[in-house]
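# Just to be clear, the model below is a prediction. Sequence and coordinates:
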Amino acid sequence: MSILIAALLLLLAATGAGVVLTRAPRRQVLALSVNGLVLALLFMALQAPDVAFAEITVGAAAVPLLFLIVLASMKMDRSPRPPDEP
Amino acid sequence: MTPKLRLALFLLACIVTLPAILLLALHMPAFGAHPLPYGDAIDAAAPGERHISNMVSAINFDYRGFDTLGEEFMLLCAVTGTVVLLRGSRGEALEARPGIVKGRRILPRSDAVVLIGRLFAPLIMLFGIYVAVHAMTTPGGGFQGGVIAATSALLVFFGDGYHGWRGVMKSQVLDALEGGGAALYALCGFASMAIGAPFLTNFLPLGTLKDVWSGGLMLVENAGVACAVGGGFAMIFLEFLEETRTKKGGAKE
């Protein structure tokens, strides 16, 4: 195991702990994104570029974006509601 | 459950499971060792049998092509479910305004963001297409390329706002890409059956090793996956971002 992989594994543990320990949802989404980025780098270092591609697009970009949209949508002021919405 | 009881339960669980975990950890294969023969067998066989140098694509589209068909339709179902749930109420109109979040102003977009969006959206789209097209030779493939292309369109949203982005993303086109791509993959299988071979048999000429257009039927399947994944992800982004709009009123952008 090279120094690079050891360092990335440590970084992964640190960012993973960051996701768990962050309490504010919006910050947690960003922490999740950073965790995905580190995971993609680790896959790259382990010579699995196919998975790294998928992880960096899905784990570090697409999923955090969907979470951010959900958080924004939840915070939106929906009153007064239009009559056709329950 | 009181915190004390929870802690006691946690410690009890630790004591029970720790020997098993330790036993497994001490008998794991060494880091980086791969004792299973399947990977080596594919590495040895794929370049000669299928004339392609990306073994992951060889497994995805040929040796285990049927599994990918299942994944393809799983994605189709997931996207369809999302669209059915979210289509309707909000953000359908191009001029729909952003919803109001109390205590948060909508800041004007800076020139730097516009520049970065306009500069990188086409470049990343091109990179996504490159990754998808070179599935047979270099790492990546239809899935990765499709997702990269779909996320590149989001840079239009960051650079030019909702209206500009909605102008580019036509949901009919995305629907056609998603459904058409999945159908193309399934039709590849039926085409094999039409000539009398088993489902998804690679019957097209295989081309030369390390050439972009090698791999035969895998190229068509890869194109189907790229279309389906790109269209599907773009569709999900579209439906989700519609949710940040409001039906009536709303803030000025």
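Structure's in. What do you need?
# all contacts plus neighbour counts: C-alpha atoms, from now on.
Noted.
# could you give the mean pLDDT of stretch A:49-66?
Mean pLDDT, taken over the full extent of stretch A:49-66, equals 92.
# Can I get it as PDB, trimmed to CA atoms?
Taking C-alpha atoms only, stretch A:49-66 is exported to PDB below (Å, rounded to 0.1, in the frame of the first residue of the first chain):
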ATOM      1  CA  PRO A  49     -11.100   4.800 -13.400                       C
ATOM      2  CA  ASP A  50     -14.500   3.500 -14.600                       C
ATOM      3  CA  VAL A  51     -15.900   3.600 -11.000                       C
ATOM      4  CA  ALA A  52     -14.100   6.900 -10.300                       C
ATOM      5  CA  PHE A  53     -15.900   8.500 -13.300                       C
ATOM      6  CA  ALA A  54     -19.300   7.200 -12.000                       C
ATOM      7  CA  GLU A  55     -18.500   8.200  -8.400                       C
ATOM      8  CA  ILE A  56     -17.400  11.800  -9.300                       C
ATOM      9  CA  THR A  57     -20.400  12.500 -11.400                       C
ATOM     10  CA  VAL A  58     -23.100  10.700  -9.400                       C
ATOM     11  CA  GLY A  59     -21.600  10.900  -5.800                       C
ATOM     12  CA  ALA A  60     -19.900  14.300  -5.900                       C
ATOM     13  CA  ALA A  61     -22.200  16.200  -8.300                       C
ATOM     14  CA  ALA A  62     -25.700  14.700  -9.100                       C
ATOM     15  CA  VAL A  63     -26.800  13.500  -5.600                       C
ATOM     16  CA  PRO A  64     -25.600  16.600  -3.700                       C
ATOM     17  CA  LEU A  65     -27.400  18.700  -6.300                       C
ATOM     18  CA  LEU A  66     -30.700  16.800  -5.800                       C
END
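# mind checking the end-to-end distance for stretch B:200-215?
13 Å (CA to CA, to the nearest Å).
# buried residues in it?
B:Leu200, B:Thr201, B:Asn202, B:Leu206, B:Leu209, B:Lys210, B:Val212, B:Trp213, B:Ser214, B:Gly215 (16 or more other CA atoms under 10 Å in any protein chain shown).
# got a pLDDT number for B:Gly179?
For B:Gly179, the model assigns a pLDDT of 93.
# residues from chain A in reach of chain B?
With CA under 8 Å from any CA of the partner chain as the criterion, chain A meets chain B at residues A:1, A:49-50, A:53-54, A:57-58, A:61-62, A:66, A:69-70, A:72-73, A:75-78, A:82, A:85.
# Now the buried members of those residues.
In the residues of chain A next to chain B, burial by neighbour count holds for A:49-50, A:53-54, A:57-58, A:61-62, A:66, A:69, A:72-73, A:76, A:78, counting by 16+ other CA under 10 Å.
# Quick one: those as CSV, columns for secondary structure and distance to A:Gly36 too.
Written out in CSV, the entries for those read as follows (DSSP: H, G, I helix; E, B strand; the rest coil; distance: CA to CA, whole Å):
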residue, secondary structure, distance to A:Gly36
A:Pro49, helix, 14
A:Asp50, helix, 15
A:Phe53, helix, 11
A:Ala54, helix, 10
A:Thr57, helix, 9
A:Val58, helix, 9
A:Ala61, helix, 8
A:Ala62, helix, 11
A:Leu66, helix, 14
A:Ile69, helix, 18
A:Ala72, helix, 21
A:Ser73, helix, 23
A:Met76, strand, 28
A:Arg78, coil, 33
